[in-house]
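A.B. asks: heads up, no residue letters with this:
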């Protein structure tokens, strides 16, 4: 019996040796079976991470809308031949390096639309780095890296090959997670939907758009070594290796450093640089220096000396140890740019071409086309190009003859012209920013224009904002990545690059993602949840924590700045401060500068305990940081929240609401905020009593959304629903000093019981002070 068991075991081993192939690095092994399925993923401790019930696949084909898995795999040294049901074949070249396995598509049947690497299914689910393509638990990290722009990290869910969410190179599943990538055959012309909305667009093929050369690296290691392994892959495979001050951006603290955003010019740059230096900012970033996008002509009022003037600003910044940056919207093209007007470039992005049915004069306001297909969708600019003329139109008729009606001839400074029948009529791709876009060929020229601007001026910070505009050329993530790669490889000095979107290949170029804007609410309210939830995504994907943009106004308070800086300390996060010229007049600016430097100092010295850091992450927790000689102190505040509603009562019956709160600390004055909370209605002449002794009546009417803030002085401030300062009003006396213990508060105001508005009253008092650490 034992002899027979050993014989069976031996047969299985022989079978596996004949029909399976194991690939090993110094830190993990991956095994494929006779069908090209991934049946084993093991670390050096022989822990199995493959999913027996749902094994992954090395390479699948996409053909006529179907995904096809291999049915047979043949292994020779350094070569895998995968055979598919309909006689198709793929040849994969393999290389086992010390730190990673390399797989490259060496040959493939000629009629394949796309190839899919993976999914590489595994049982890890603790941390999913969906953009970077690394999953990990406490013992093991398993990752995939795409080795060129044509290989897109993520799931292929559309014909254009665009990954519209934050990344699907790694995705969570019921069994754990999977890693995947794909390459689309872009060598031939294709008719597809572009940028989700532009249907039936013809996308021209490109010479290097074939499937051969698609390549990935796969690795497994301890979690602490994952980032270094990616660094090894990056350098050995000649992927973009971005540095700042001589250090790889993925390990450089400077990648997530705070910076200032403003609209400087040649005359006031010194003032902004001085304040940025005082605040400890990494640099100053111009929020909109250009008159045109495409050729990137500078605004003549701000920069009368053109690029030489911007260069002078950069030189001043660099002399102070600061960087200088600029904002643009990547491939967005303004209608006043030379690519559009007066003679449009023939390589503007189009979403389909039709023909004129008949000759038209230069003044015709109706244009007959052979089909409505490309013209029925309304867009921001609703434009077509005929020869060298751009024409805007109102509608296209629904029945033949199909006419473009309400035409504006010679739009955007182009020349009105007569056109012969059968002339091409192409629908231009546009966007609600009143812009057009380049096709893939012209996109490369725009990338060079950006690189030239950087090289000529010495600018060393730029955001690929509006990076999704690259999808307009129909190349999906290939267009997205190649544009950034073209810029990166043509600049002649290190540049800090941000972006509006995350992307697997672009991750190598991308220093930071600073999501969160100040335009949608008050200083603390604008996109707060969004800012906080972003932090896990950034950490999971080896990106520096960033909190987004915060707007400093002439009336911003040190308390608001403390709130932001506490979150920054809790997440060890950077941020951007929008400081426009009027903000320089803020009387609190010296104190704000002092607070920024104090928090930065404490953050760098790591004076906070882990428990304190967790508290600082919570936006509901208000604190103040102070320093006395060599000691840091963290003061925490407690907020008591009350609500007063309008009441319908009988004549003479009081409508006052009564509340109680506690001062657990020594004597102090509270801060009280009254907010008109609701969609409509108002609060008129609020009156308040504390401890049946202090009374204040405030002759003001708060509209829905407005707030009144009373601090220690005899002046109260009113803010609108977005936190913008409206005005100050005088109080008859300052709020009283509260003894330790319980206190009462009574409130009343003129309010309409039929309106939705309610009075939200907040009492803020200091709760405790903790000594943190010594220098």
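C.D. replies: It's in. Quick caveat: nothing in here was measured; it's all calculated off a predicted structure.
A.B. asks: Quick check on the nearest residue to residue 60 once chain neighbours are set aside: phi, psi?
C.D. replies: In space, residue 60 comes closest to residue 116 once its chain neighbours are excluded; the distance is 4.3 Å by C-beta to C-beta, 6 or more residues apart in numbering. (Glycine included, C-beta is placed from N, CA and C.) With angles defined as degrees, to the nearest 10, residue 116 shows backbone torsions of phi -120, psi 120.
A.B. asks: Look at residue 422 and give its secondary structure.
C.D. replies: Per DSSP: H, G, I helix; E, B strand; the rest coil, the secondary structure class of residue 422 is coil.
A.B. asks: ok, it - how many residues close by?
C.D. replies: Counted with other C-beta atoms under 10 Å, the burial measure for residue 422 works out to 12 neighbours.
A.B. asks: Would you confirm that it contacts residue 356?
C.D. replies: Yes. Taking contacts as C-beta atoms under 8 Å, residue 422 lies within contact range of residue 356: 6.2 Å.
A.B. asks: quick one on the thing from earlier: so what pairs up with the residue nearest to residue 60 in the strands?
C.D. replies: In this entry, residue 116 is beta-bridged to residue 60, residue 182, by DSSP bridges.
A.B. asks: Tell me who's in contact with it.
C.D. replies: The neighbourhood of residue 116, defined by C-beta atoms under 8 Å, 6 or more residues apart in numbering, consists of 59-62, 67, 156, 180-182.
A.B. asks: Mind listing the residues bridging to residue 323?
C.D. replies: Taking DSSP bridges as the rule, residue 323 bridges to residue 283.
A.B. asks: That one contacts residue 317, doesn't it?
C.D. replies: Yes. The pair residue 323 and residue 317 qualifies as a contact (C-beta under 8 Å) at a distance of 6.4 Å.
A.B. asks: list residues touching both of those two?
C.D. replies: When contacts are counted by C-beta under 8 Å, 6+ apart, residue 323 and residue 317 have 283-284 as shared neighbours.
A.B. asks: ok so, going back, gap between the residue nearest to residue 60 and residue 130?
C.D. replies: Taking C-beta to C-beta, to the nearest Å as the measure, residue 116 falls 17 Å from residue 130.
A.B. asks: and the nearest residue to residue 64 once chain neighbours are set aside, what pLDDT?
C.D. replies: In this structure, residue 64 finds its nearest non-sequential neighbour in residue 113, 7.2 Å apart by C-beta to C-beta, 6+ apart. Residue 113 is assigned 98 on the pLDDT scale.
A.B. asks: isn't residue 113 right next to residue 186, touching?
C.D. replies: No. Taking C-beta under 8 Å as the definition, residue 113 is not a contact partner of residue 186, at 10.1 Å.
A.B. asks: Compare the two and say which is more crowded by neighbours.
C.D. replies: When residue 113 and residue 186 are compared on other C-beta under 10 Å, the one with more neighbours turns out to be residue 186, at 26 against 17.
A.B. asks: for that one, what are its contacts?
C.D. replies: With contacts taken as C-beta under 8 Å, 6+ apart, residue 186 has the following neighbours: 150, 203, 205-206, 209-210, 475, 478.
A.B. asks: quick one: what helix or strand has it in it?
C.D. replies: Assigned by DSSP states H and E, residue 186 belongs to neither a helix nor a strand.
A.B. asks: What separation do you get for the residue nearest to residue 60 and residue 56?
C.D. replies: 11 Å.
A.B. asks: same deal with residue 38?
C.D. replies: Computed as C-beta to C-beta, the residue 38 to residue 56 distance reads 4 Å.
A.B. asks: Overlap in contacts, these two.
C.D. replies: With C-beta under 8 Å, 6+ apart, residue 38 and residue 56 have common neighbours 50, 120-121.
A.B. asks: If any of the residues you listed are buried, give me the PyMOL selection for them.
C.D. replies: One line in PyMOL is enough to select the buried ones among the shared contacts of residue 38 and residue 56; burial here means 16 or more other C-beta atoms under 10 Å:
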select buried, resi 50+120+121
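A.B. asks: Quick one: mark the members of the shared contacts of residue 38 and residue 56 that sit in strands.
C.D. replies: Cross-referencing the shared contacts of residue 38 and residue 56 with the strands (criterion: DSSP state E) gives 120-121 as the overlap.
A.B. asks: List just the nearest of the shared contacts of residue 38 and residue 56 to residue 296.
C.D. replies: Residue 296 has its nearest neighbour among those in residue 120, at 41.7 Å by C-beta to C-beta.
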